[in-house]
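In: Sequence and predicted model, in that order:
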Amino acid sequence: MKIALDAMGGDFAPQAAVAGALLAAEQLAGRATIVLIGQEDAVRPLLLAAGPAGAALEFVPASQIIDMGEHPAKAFQQKQDSSIAVGYKLLLAGEVDAFCSAGNTGAMLVGAMLTVKAVPGVIRPAIANFVPKLKQDFGILLDVGANAECKPEMLEQFGELGSLYAQYVLGIASPKVGLVNLGEEEGKGTPITQAAHQLLKVNPHINFVGNVEGRDMFNDKADVIVCDGFTGNILLKMAESIYEMMEEKHIHDPFFDKFNYEAVGGSPILGINDNAIIGHGRSTPLAIGNMLVQGFNMAESGIVDQIKATFKT
């Protein structure tokens, strides 16, 4: 198995990317090869400096970089030898089993839609993120930014995508799916959330437990939390701030340590025909390493095949 990494993506690239790749290679211990993609004069010296461990990593050159501030669609189409574009080409060709990047989020989404494309039947792919849970490791929250506005049918599909990920990657049997709303009662919310509730309630593929409120994010009421990308992104950034405040107050606790984005490394794009993960722009080597291991776990689980089979019916 091969897991590809955009070595030029992120605020601390390529140093953090190479260091994270070395951490992941050590953790995976021969179960997968890490493939770094980037500019030769920036990446090759770092691999040489790492000695035998660096020599064990594969390298694919890409002459261009999509910067964080660039227009995603325009940059992806114009920079076909960028590290993100080359990564998706490798993924589409089946030369790697997953592709990870802490680079331009929009370009990662555009690249996914233009190359490996959405699974037939999926209206719009979603970006998922992990939610710390009091009584288990993590649940999953989606969408967290790919789709600011959603139709009810999209929210229903997010429930299916999240449920499959929770089951096959996180190992949660019969995951409980909840819809973010401003009250527990079935009739609460906007016309969109009310309609989504009715669709989720009768969907035979999921274990829908009804509406969940903001206070239910971290308890065991739902393993999969469904919302539009606008709401999800606010919840995600709020959760990140909890860890930052705890750090500032020098308070350490095993549960709150899970709020650190480094703990899981990245956010999978669900609903596309292959495995792609978007990392935090300020990813450290630890975050990069965990993102690559997450990519391996996704590829090994066969989650994409499970999604294809579900949406084929």
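Out: Yes, it's here. Residues are numbered from 1 along each chain as shown.

In: CA only for contacts and neighbour counts going forward, please
Out: Noted.

In: in the stretch 201-313 of the chain, which spans are strands?
Out: Taking DSSP state E, counting those that start in this stretch as the criterion, the stretch 201-313 of the chain carries its strands at 207-212, 224-226, 266-270, 276-279.

In: average pLDDT across the first one?
Out: Mean pLDDT, taken over the full extent of strand 207-212, equals 97.

In: same deal with the last one?
Out: Strand 276-279 carries an average pLDDT of 96.

In: Could you do stretch 181-199 as well?
Out: Rounded mean pLDDT across stretch 181-199 is 93.

In: and if you look at stretch 15-31?
Out: 95.

In: hey, where'd the helices end up in this protein?
Out: Per DSSP state H, the chain carries helices over the ranges 15-28, 40-49, 52-55, 72-78, 83-92, 105-114, 152-168, 191-202, 229-248, 254-257, 285-301, 303-312.

In: rank those helices by pLDDT, which is bottom?
Out: Looking at the helices of the chain, the weakest mean confidence is helix 254-257, a mean of 88.

In: ok, so what distance separates Gly214 from Cys227?
Out: Gly214 is 11 Å from Cys227, where distance means C-alpha to C-alpha, to the nearest Å.

In: Tell me the residues that contact both of those two, please.
Out: Val180 (C-alpha atoms under 8 Å, 6 or more residues apart in numbering).

In: between those two, who's got more neighbours?
Out: The residue with more neighbours, out of Gly214 and Cys227, is Cys227; 29 against 11, by other C-alpha atoms under 10 Å.

In: Please name the residues that touch Leu23.
Out: Pro285, Leu286, Gly289.

In: what would the strands of the stretch 201-313 of the chain look like in CSV with distance to Glu247 and mean neighbour count?
Out: Supplementary listing: the strands of the stretch 201-313 of the chain in CSV, determined by distance: least, C-alpha to C-alpha, whole Å; neighbours: other C-alpha atoms under 10 Å:
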stretch, distance to Glu247, mean neighbour count
strand 207-212, 28, 22
strand 224-226, 26, 31
strand 266-270, 21, 27
strand 276-279, 21, 27
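
In: how about these in JSON lines, adding distance to Ala50?
Out: Formatted as JSON lines, those follow (distance: least, C-alpha to C-alpha, whole Å):
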{"stretch": "strand 207-212", "distance to Ala50": "48"}
{"stretch": "strand 224-226", "distance to Ala50": "40"}
{"stretch": "strand 266-270", "distance to Ala50": "24"}
{"stretch": "strand 276-279", "distance to Ala50": "23"}
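
In: Ala62 is nearest to which of those strands?
Out: strand 276-279 (18.3 Å; C-alpha to C-alpha).

In: List the pairing partners of that closest one within its sheet, with orientation.
Out: Strands that pair with strand 276-279, judged by DSSP bridges, come out as strand 98-101 (parallel), strand 266-270 (antiparallel).

In: ok so, going back, which one of the strands of the stretch 201-313 of the chain lies closest to Met68?
Out: Among the strands of the stretch 201-313 of the chain, the nearest to Met68 by C-alpha to C-alpha is strand 276-279 (12.6 Å).

In: All set, thanks.
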